[in-house]
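In: next one to model:
(one chain, ligands or ions: 1)
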Amino acid sequence: MQEKVERIRFSNVSMQFETDAGLLEVVRDMSLSIRQGEFISLVGPSGCGKTTLLNMAAGFIRPTSGSVTIDGKEISEPGPDRGVMFQEYGVFPWLTVEENIGFGLNLKINKHLTADEKKRTIDQYLDLMGLADFRKAYPKTLSGGMRQRLALARTYAVHPQFILMDEPFGALDAQTRSAMHDLLLNVLTEEGKTVLLITHSVEEAVYLSSRVMIISARPSRIREVVDIPFSYPRDRSLLSTPEFNALRSKIYDSVMQEYAAQEALGKATLQ
Ligand SMILES: Nc1ncnc2c1ncn2[C@@H]1O[C@H](COP(=O)(O)OP(=O)(O)OP(=O)(O)O)[C@@H](O)[C@H]1O
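Out: Alright, predicted model coming up:
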């Protein structure tokens, strides 16, 4: 099999934050690489530094030491090659559905697009996400699942090469969450994106990812990288196979050990 090219690389990354209680060491000497077309999930205890890592890849913050690069070039700021999606704040409440999808298309970076091309892209994503009947609606009138579909459409419409997602489905009910997983997998299979996802759901991580990285308690390092051997496209029948359940249990056990370590750390800090 041909080796896929490396796109994002964390090299010996450390991160410390100044806090009222002193210096907080969040990430210690972490190295990891993400290859073209991979779907990587980060799982680990709350507060271990997952969002901090994603923020570095997004270009929102820079590490205290070490480097984070895309195609060998140091990331120094956010860029249109990276679409970022959070649990909340994924959509602008003051814009309609179609204006939200069109937002990124109207930025300076896309000034080469004609009005016709923008409209076609907006229509395409309205259809793909099942939002065509709501194009003039404002986000507050949509359900949680529809808002997340809109956030996904907005992220996708500008065709980023990388999708960085921080617990994007955390607030959704189980059914909507499942529907979003399958929608995401469909779109990804069509467009071959490289994805970094943070999730607290081990099942979600195993179902969606090609590799799952288990992050340790603080100061975080990579405890384990688990290859997920199931081919794409995937469907929900995978969830009831013994292979899926074995991987889920194995990862869950590792994550729970790190949760216990993080909790002990919290108690030690409180003493
Ligand atoms: N700008 C900052 N200044 C000070 N401390 C920070 C800052 N950003 C993050 N932290 C601290 O760094 C630690 C890691 O935070 P981070 O949000 O990366 O964790 P996480 O693994 O994503 O957590 P969760 O799973 O709960 O979202 C936390 O203790 C947090 O309080």
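In: so who does the residue positioned nearest the centre of the chain touch?
Out: Centroid-nearest residue in the chain, with C-alpha atoms, centre = their mean: M165, separated by 2.1 Å. Contacts for M165 (C-beta atoms under 8 Å, 6 or more residues apart in numbering) come out as V84, M85, F86, V195, L196, L197, I198. Bear in mind the C-beta positions are built from the backbone N, C-alpha and C, glycine included.
In: host element of the nearest residue to L105 once chain neighbours are set aside?
Out: Sequence neighbours aside, K118 is the residue nearest to L105 in space, at 4.6 Å (criterion: C-beta to C-beta, 6 or more residues apart in numbering). Using DSSP states H and E, K118 sits within helix 115-128.
In: what lies in contact with that helix?
Out: Helix 115-128 is contacted from outside by 97-98, 101-102, 105-106, 110, 113, 131-132, 135, 153, 156-157, 187, using C-beta under 8 Å, 6+ apart.
In: residue numbers of this protein in contact with the ligand?
Out: F17, T19, L24, V26, S46, G47, C48, G49, K50, T51, T52 (C-beta under 6 Å from any ligand atom).
In: report the two of the residues you listed separated the most.
Out: T19 and K50 (18.0 Å; C-beta to C-beta).
In: neighbour count for the two, which is higher?
Out: More neighbours surround K50 than the other of T19 and K50, with 26 against 8 (other C-beta atoms under 10 Å).
In: where does pLDDT dip in the stretch 1-150 of the chain?
Out: Along the stretch 1-150 of the chain, the parts satisfying pLDDT under 70 run over 1-3, 88-89.
In: biggest helix in the protein by residues?
Out: helix 242-270 (DSSP state H).
In: elements contacting that helix?
Out: Other elements packing on helix 242-270 under the criterion 3 or more C-beta pairs under 8 Å, 6 or more residues apart in numbering; DSSP states H and E are helix 202-208, strand 211-215, strand 222-227.
In: 10 Å instead, please
Out: Under the contact criterion of 3 or more C-beta pairs under 10 Å, 6 or more residues apart in numbering; DSSP states H and E, helix 242-270 touches strand 39-43, helix 202-208, strand 211-215, strand 222-227.
In: which of these is buried the deepest?
Out: strand 39-43 (a mean of 24; mean count of other C-beta atoms under 10 Å).
In: got the CA coordinates for the helix or strand just after that strand in CSV?
Out: Counting by DSSP H and E, the next helix or strand C-terminal to strand 39-43 is helix 50-58. Output in CSV follows, covering the C-alpha atoms of helix 50-58 (Å, rounded to 0.1, in the frame of the first residue of the first chain):
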residue,chain,number,x,y,z
LYS,A,50,-7.2,18.1,23.6
THR,A,51,-8.6,21.5,22.7
THR,A,52,-5.2,23.1,23.3
LEU,A,53,-3.8,20.8,20.6
LEU,A,54,-6.6,21.5,18.2
ASN,A,55,-6.2,25.2,18.8
MET,A,56,-2.6,24.9,17.7
ALA,A,57,-3.5,23.1,14.5
ALA,A,58,-6.1,25.8,13.9
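In: what angle do the very next helix or strand once past helix 50-58 and helix 50-58 make?
Out: Sequence-wise, the next helix or strand downstream of helix 50-58 (DSSP H and E) is strand 65-70. Strand 65-70 and helix 50-58 are oriented at 60 degrees to each other (axes from the mean of the first three to the mean of the last three C-alpha atoms, to 10 degrees).
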